[in-house]
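[1] Structure for the following, please:
(2 chains)
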Amino acid sequence: MSNTVIRVALVGNPNCGKTSLFNILAGANQRVGNFAGVTIEKVTGVLQHEKYRIEFTDLPGTYSLTAYSPEERISLSYIREEKPDVIINVLEGTNLERNLYLTTQLMELDVKMVLALNMQDEMEQQGIQVDVKTLQKLVGAHIVPVSAVTKFGIESLISHIIRVYNGEIVVRKNKLGYHSLIEDAIDEISQKLELPHGRQAFAPHRWNAIRLLEKDPEVYRQFHQDPIWLSIEPILQTAIQDAASLYQTDPEMMIAEDRYAFIQGALMETVSQSVRPRKSLTDRIDAVVLNRFLGLPVFLLLMYLVFQFTFAAGAPFTAMIEWFFSTVSAGIAQVLPSGPLQNLIIDGVIAGVGGVLIFLPNIVLLFIALSVLEGSGYMGRAAFVMDKVMHLVGLHGKSFIPMMTGFGCSVPAIMATRTLKNPADRLVTMMIIPFMSCGARLPVYVLLISVFFSPQAGGNVLFGIYLFGIFIALLSAKLLKKAFFNHDTEPFVMELPPYRIPTLKSVLFQARIRAQMYLKKAGTIILVVAIAVWVGTNYPKNPETEAQHLTTVAALQSNPEALQHAKALHRAESLQYSAAGYVGKVIEPIFRPLGFDWRIDIALLTGLAAKEVVVSTLSTIYAVGEDNSQSALIQILKSDPSMTRPVGLALLVFVLLYIPCFATLTVFKKESGSWKWLAVYSVYTLSVAWFSAFAVYRLALWMT
Amino acid sequence: MQTTTINELPIEAQATILRVSATGEIRQRLMAMGLITGAVIQLVRRAPLGDPLQILCRGVRVSLRKSEAELVIVKPEVSHV
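    Modelled structure (predicted):
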């Protein structure tokens, strides 16, 4: 039985319930990736229905095809280049007027379209009734009432897709007519396009003509590069001049007005609504949540709750996972004879797998929180409240939550940037998140502060570190935006959707999809890297020291304490001969100006695996015994003459800023979709860390 | 005829749009949201930090920055009590 493939794209405004509809159609058979080369999320899914394999692509929400921002242009370019077989234009039934604006533009494209009139349930609640039969004729496409919440109309929608694809349903296209000034210009341009040169390249002609009059930047660019521009440009100029002198307006606005006039006319004929209550619940909630005095406190409270939910509520699960893995390790230690294989399995593989899974509770909880915030409609309000501050540094209001999450852990925080639709905002936010000092760096700070500062001063230093991180983050945002994304900032014009109660199902579904993606994509890489790091810190072994150690062990069998000490010394020595040790010594000159010696360098190197590993590596290098207590390490470091306070300060700053752990890098690469940005990012963090630590070190030296 | 911009309207004031003097991306976005010549809007509130603004247009709650609101020329409606 052969399968017919139908490629379907979902297009619609943001907040029209497109994604919920997509989730129902594609179910769990979905994948999240990026559109080619851009940091814009692309979600695809498959539905197998009878002998049809329907492939869905959920395009980013857009208000208009004449868009400038990358995430909105994706919809248009996807439709024109990928040429999907059928387009589903999802409409928010409770907001038809604005939603149909996009539809009027889609109508002018040469595509097979089905309109999904979504939110039937809410429409019923509000007493909105639509004469679908008539509206279909006006719009020139079949309309299927659906509800993503109650699953109403889904079967009908699927059947419509198939029948439209097969040509079993044909709706006569309706032409949206414009003001005579516009229509005349369209005719003239179309005539020019009819000429042999233009005919193929710029089809459909009417559409291109309208686009030119609407000043679509992409279409303009295409025409500009073509000699046909010479004959087209005068027509456009005349239209613009006539519109200005005769009507004090311009073609762009005239077309928009005509679109809305058409929509209003259509809706007047086909839609009726029973009286709505005067002040809706949404407005009453907003009166509190966006209140001049309550707005910020409410926002901060909610952010606090999100943070607590993600990390505090996640703590028991994280602890369970840690317990599970240490139990398994202990078990294996009993079963397998000690030696390289046991080490590989316990310290390499199991530690690696554990290192991947440890992030899972936080990721799941964070995405549950994000789903609730987005689904309820609060997210827009959060952006609304924070925008002034964020905009100062060139960020978006929605950047706040991912940044805040970064104080717990960068991995879920970077994943959370998916709420930012604009790729520039998303990338910049991703790049500054690790400057929000994550939880794993804390043990390193605590250690260093205990060595170099008194307990009273310690608290202030810690606070200072965090503040410095935030400062660098905001400064970086401004610089990065200027350096790489110096075009007009994205307009903030956006809709505040009505509040809705997100369904438990959709919330859990989101969390599940994210978790799966994380495990599949990031998980494997993190595991591989963890094993590589284990190999790098344990091999190569120096045969002389190994042989010597065996003799020493044999000699000290009767003296457990001395044996412990000898083992610690051996570990310290082995580390020097390993690949990591070798690299640490090689790069020592680079860090000498910061006051770091090769031992610190090795520790920092291992910090690339995970930040808290810096502490354990320092323990190993300084041959702290197996009881591994903090105080022992602190004592040793305190008595080391090369560990001066300036070095300590420089080290603190360096740990704060330098390249984040591999898990973070992996997630960064996956979310940004590009090696180039990963490279830029690594270089950037390393440079910032180096220069900051250098400045701090020299300054501290000069002051003492 | 007294004209002003959305930015300068008092809270709760209603106005009719005369002209959108924005260009490019911002203009398209404003128009797609329904802010076209002849549309009636109402300034609902300013954000707690003063920026952005929230307006009501064709039954839709729209938020926009002051810098964007400044570009929309409107004629205030005389308020009927």
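[2] Okay, the residue of the stretch 451-600 of chain A found nearest chain B and residue A:383: tell me how far apart.
    Using Cβ to the nearest Cβ, the closest approach of the stretch 451-600 of chain A to chain B is made by residue A:496 at 4.1 Å. In this view, the C-beta of every residue, glycine as well, is placed from N, C-alpha and C. According to Cβ to Cβ, to the nearest Å, residue A:496 stands 9 Å off from residue A:383.
[3] May I have stretch A:433-449 as PDB, with CA atoms only?
    In PDB, the C-alpha atoms belonging to stretch A:433-449 read as follows (Å, rounded to 0.1, in the frame of the first residue of the first chain):
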ATOM      1  CA  ILE A 433      23.000  33.700  30.500                       C
ATOM      2  CA  PRO A 434      26.200  32.000  31.800                       C
ATOM      3  CA  PHE A 435      27.300  35.300  33.300                       C
ATOM      4  CA  MET A 436      24.400  34.800  35.600                       C
ATOM      5  CA  SER A 437      26.500  32.800  37.900                       C
ATOM      6  CA  CYS A 438      25.100  29.300  38.000                       C
ATOM      7  CA  GLY A 439      24.800  27.000  41.000                       C
ATOM      8  CA  ALA A 440      27.700  24.900  40.100                       C
ATOM      9  CA  ARG A 441      30.100  27.700  40.400                       C
ATOM     10  CA  LEU A 442      29.100  28.300  44.000                       C
ATOM     11  CA  PRO A 443      31.200  25.600  45.600                       C
ATOM     12  CA  VAL A 444      34.300  27.100  43.900                       C
ATOM     13  CA  TYR A 445      33.500  30.600  45.200                       C
ATOM     14  CA  VAL A 446      32.900  29.300  48.700                       C
ATOM     15  CA  LEU A 447      36.200  27.500  48.700                       C
ATOM     16  CA  LEU A 448      38.200  30.400  47.400                       C
ATOM     17  CA  ILE A 449      36.500  32.900  49.600                       C
END
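[4] Just give the nearest non-adjacent residue to residue A:43, would you?
    Distance criterion Cβ to Cβ, 6 or more residues apart in numbering or on different chains; nearest residue to residue A:43, sequence neighbours excluded, is residue A:58 at 4.3 Å.
[5] That neighbour and residue A:44 touch, don't they?
    Yes: at 7.4 Å, residue A:58 counts as touching residue A:44 under the criterion of Cβ atoms under 8 Å.
[6] These two: which is more packed in?
    Comparing residue A:58 with residue A:44 by other Cβ atoms under 10 Å in any protein chain shown, the one with more neighbours is residue A:58, at 26 against 17.
[7] quick one: contacts for that one?
    Applying Cβ atoms under 8 Å, 6 or more residues apart in numbering or on different chains, we find residue A:58 in contact with A:10, A:18, A:19, A:22, A:42, A:43, A:44, A:45.
[8] Show me the residues you listed that map onto strands.
    Counting by DSSP state E, those place A:10, A:42, A:43, A:44, A:45 in strands.
[9] Quick check: bridge partners of the fourth one?
    The reference is to residue A:44. For residue A:44, the beta-bridge assignment (DSSP bridges) gives partners residue A:31, residue A:57.
[10] and the longest helix anywhere in chain B, which residues are buried?
    Secondary structure of chain B per DSSP state H: the longest helix is helix B:24-32. Neighbour counts over helix B:24-32 (16 or more other Cβ atoms under 10 Å in any protein chain shown) mark B:25, B:26, B:27, B:28, B:29, B:30, B:31, B:32 as buried.
[11] Touching that helix from outside, list them.
    A:63-64, A:66-69, A:98, A:101-102, A:215, A:217, A:252-253, A:256, A:488, A:490-491, A:493, B:20, B:22, B:64, B:68, B:71-72.
[12] tell me the mean pLDDT for that helix?
    Averaging pLDDT along helix B:24-32 gives 87.
[13] Beyond it, next helix or strand please.
    As assigned by DSSP states H and E, the chain's next helix or strand after helix B:24-32 is strand B:40-46.
[14] Give the other helices and strands that that next one contacts.
    Under the contact criterion of 3 or more Cβ pairs under 8 Å, 6 or more residues apart in numbering or on different chains; DSSP states H and E, strand B:40-46 touches strand B:14-20, strand B:53-57.
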